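Participant: starting from these lines, generate the structure:
(one chain, ligands or ions: 1)
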Amino acid sequence: MKQIQLVRPQLADLWFRRDCMSDPQTMAYNAGYDVSYDGYHYETGCIDFSEEKWGEWYETKLKNPNFFYAYIQDVDTGDYVGYVNFNKDKTTGKATMGIVIKAEFQGKGYMRPAMQKLILEAEKLGVAALTDTVPESRDHALKVFYSLGFLKVGEFTGKKFNKPEVVAEIEKEL
Ligand SMILES: CC(C)(COP(=O)(O)OP(=O)(O)OC[C@H]1O[C@@H](n2cnc3c(N)ncnc32)[C@H](O)[C@@H]1OP(=O)(O)O)[C@@H](O)C(=O)NCCC(=O)NCCS
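Facilitator: So this is what the prediction gives:
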């Protein structure tokens with residue numbers, strides 16, 4: 001199994017988040033949604049995260065005790081290969097999560113060890129459950145989630161590039 005560690009970035013490290021979010025191959029999963037937040041590119045899924053945005057994001061997100069965000073670092077090579085996050089709701093104690101592996105590092109076995117470490121961090125922070133929404137078409141990712149104890153708790157049909165997309169709602173109680 002890949003040896004990885006989760007590393008909380010400092011302000012000067014945010015170039016890697018910018019590089020991930022400006023890479024169309026990495027962000028293809030995020031393309032084609034009818035959302036209109038600042039800096040979102042419908043065709044590619046990329047999100048602008050130029051250096052002038054780093055300071056505010058660092059202050060509002062990385063310093064928020066209910067928001068966990070970390071880079072996934074390969075311990076052997078030192079490479080940052082992706083990032084994980086969760087956002088804990090103060091009322092329910094549940095947290096929505098995300099994991100993104102940069103395109104050039106996908107398919108190399110980073111998802112499972114990164115998820116295992118993320119689950120441990122969520123437990124440490126007293127999260128009641130981790131939740132995510134995952135298109136059914138991403139079946140290899142869902143397989144890993146289910147093998148780590150996530151359960152399918154719902155389903156909805158959204159739209160990607162104006163075509164119906166079936167999305168699983170998954171949850172793991174901690
Ligand atoms: C989904 C994602 C996190 C997977 O990460 P990854 O590092 O590429 O995945 P891995 O190499 O660890 O592979 C995950 C599993 O799928 C299998 N797999 C990998 N590529 C595959 C493929 N092309 N076809 C079928 N199975 C595949 C692996 O065998 C592995 O299963 P295992 O751990 O039981 O051996 C990554 O593709 C990604 O960042 N996608 C965009 C964002 C996203 O979809 N996030 C998650 C859900 S919202």
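Participant: apart from its neighbours in sequence, what residue is nearest Met1?
Facilitator: Pro113 (5.6 Å; CB to CB, 6 or more residues apart in numbering). For every residue, glycine as well, the C-beta is placed using N, CA and C.
Participant: confirm that the one you found sits in a strand.
Facilitator: No: Pro113: not assigned to a strand; according to DSSP: H, G, I helix; E, B strand; the rest coil it is helix.
Participant: burial of it, as a residue count?
Facilitator: By other CB atoms under 10 Å, 18 other residues sit near Pro113.
Participant: got a list of what it touches?
Facilitator: Applying CB atoms under 8 Å, 6 or more residues apart in numbering to Pro113 gives the contacts Met1, Lys2, Gln3, Ile4.
Participant: quick check: the last one vs the ligand, distance?
Facilitator: If I follow you right, that is Ile4. 10 Å (CB to the nearest ligand atom, to the nearest Å).
Participant: any idea of the pLDDT on that residue?
Facilitator: Ile4 is assigned a pLDDT of 98 by the prediction.
Participant: tell me the mean pLDDT over stretch 156-163?
Facilitator: 98.
Participant: for stretch 79-90, same thing?
Facilitator: On average, stretch 79-90 scores 98.
Participant: what residues does that stretch touch?
Facilitator: Here stretch 79-90 has contacts from 4, 6-7, 16-17, 20, 66-74, 94-102, 105, 108, 110, 114-115, 117-118, 121-122, 125, 127, 130, using CB under 8 Å, 6+ apart.
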